[in-house]
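Engineer: structure for this input, please:
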Amino acid sequence: MITIRHAKDRGHADHGWLDSHHTFSFAEYYDPQHMGFSTLRVINEDRVAGGEGFPTHGHRDMEIISYVLEGGIAHRDSMGTGSVLRPGEVQVMSAGTGVSHSEFNASKQEPVHFLQIWVLPAKNGLKPSYQQKNFPAADKRGRLRLVASADGRDGSVIIHQDAALYAGLFTAGEDASYPLAPGRKAWVQVARGKVRLNGQQLQAGDGAAVTQEAALTIEGISDGEVLVFDLA
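Structural biologist: I've put the predicted structure just below:
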């Protein structure tokens, strides 16, 4: 079964410097029908104006993933990490027992467009940690490339949960299939462009909850970029 969460139905907050769409309940947006999916708790599509960002604030007991589509994010945290995240890179911060961080647009002029993703950890009280890795476009072209997993296999970054995150790029005529093990669920998020998921068309901002399906087939329609979450 595939249940589509259309982009237009998401929560929306426009703070001037920040334009954010919420797939699931977040901050002042609350919808009891959309509190998350399995251990996936947050997918925010954020656009941050040049020179703006999120000042230092704290988190705990959450796996926080950032996936940049355009521009760059300047990251600083209480673990001593300082870096800039660009398109093609995946960042995961395991907040664990507690971490403070800031995320600012790395440009003073151009906006940054990215997805902020939260996954509930398998256990609380973990030691905070940070990882960042580049996954070239060629590795995602016409296929689903593993970018985050519980065991770090295939060079993916590690998240502390029985979950796996794949990223793929699909133009018209390109397709890929992904088998779902019995009892597993999936969430498919279209970051940009248009694709078909098991024959159903999805466009940028759309998400889809997948249950009781043996496999996923993703077909490109127009320069689609897709994230697939394999969840318990």
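
Engineer: for the protein, what spans make up the helices?
Structural biologist: 137-140 (DSSP state H).

Engineer: quick check: longest strand in this protein by residues?
Structural biologist: When the chain is parsed with DSSP state E, its longest strand is strand 215-231.

Engineer: strands paired with it, and their directions?
Structural biologist: Paired neighbours of strand 215-231 in the sheet (DSSP bridges): strand 163-170 (antiparallel), strand 175-179 (antiparallel), strand 185-197 (antiparallel).

Engineer: show me the protein divided up by domain.
Structural biologist: Domain segmentation of the chain under automatic domain parsing yields 11-135, 138-231.

Engineer: and the shortest one, end to end?
Structural biologist: Distance across domain 138-231, first residue to last, is 25 Å (Cα to Cα, to the nearest Å).

Engineer: ok, now the longest one?
Structural biologist: Looking at domain 11-135, the gap from its leading to its trailing residue is 30 Å under the measure Cα to Cα.

Engineer: who touches the residue nearest the centre of the chain in this structure?
Structural biologist: By Cα atoms, centre = their mean, the chain has its centre lying nearest to Ile117, at 4.4 Å. If you count contacts by Cβ atoms under 8 Å, 6 or more residues apart in numbering, Ile117 has them with 40, 42-44, 64-67, 165. Placement of C-beta: from N, CA and C, glycine included.

Engineer: let's see that with 6 Å instead.
Structural biologist: With Cβ atoms under 6 Å, 6 or more residues apart in numbering as the criterion, the residues that contact Ile117 are 43, 65.

Engineer: tell me how far it lies from Gly80.
Structural biologist: For Ile117, the distance to Gly80 equals 23 Å [Cβ to Cβ, to the nearest Å].

Engineer: pick the most deeply packed of the strands paired with strand 215-231.
Structural biologist: Among the strands paired with strand 215-231, the stretch with the highest mean neighbour count (mean count of other Cβ atoms under 10 Å) is strand 163-170, at a mean of 24.

Engineer: for the record, mean pLDDT for the longest strand of the chain?
Structural biologist: Averaging pLDDT along strand 215-231 yields 97.

Engineer: in it, what counts as buried?
Structural biologist: For strand 215-231, burial by neighbour count (16 or more other Cβ atoms under 10 Å) applies to 216, 218-221, 224-231.

Engineer: farthest-separated two in the residues you listed?
Structural biologist: Pairwise distances across the buried residues of strand 215-231 peak at 25.2 Å for Ile221 and Leu231 (criterion: Cβ to Cβ).

Engineer: and Val190, how far is that from Ala27?
Structural biologist: 23 Å.

Engineer: tell me who's in contact with the residue nearest to Leu126 when sequence neighbours are not counted.
Structural biologist: Nearest non-adjacent residue to Leu126, counting by Cβ to Cβ, 6 or more residues apart in numbering: Gly96, 3.8 Å away. Contacts of Gly96 were listed using Cβ under 6 Å, 6+ apart, and they are 126-128.

Engineer: most neighbours among the residues you listed, please name it.
Structural biologist: Pro128 (18 neighbours; other Cβ atoms under 10 Å).

Engineer: how about the contacts made by that one?
Structural biologist: With Cβ under 6 Å, 6+ apart, Pro128 has these contacts: 79, 96, 99.

Engineer: for the first one, give its distance to Asn124.
Structural biologist: Relative to Asn124, Met79 is positioned 18 Å away (Cβ to Cβ).

Engineer: ok, back up a step: distance to Arg5 added to the domains of the chain, as a markdown table?
Structural biologist: Shown next, in a markdown table, are those (distance: least, Cβ to Cβ, whole Å):
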| stretch | distance to Arg5 |
| --- | --- |
| domain 11-135 | 6 |
| domain 138-231 | 4 |
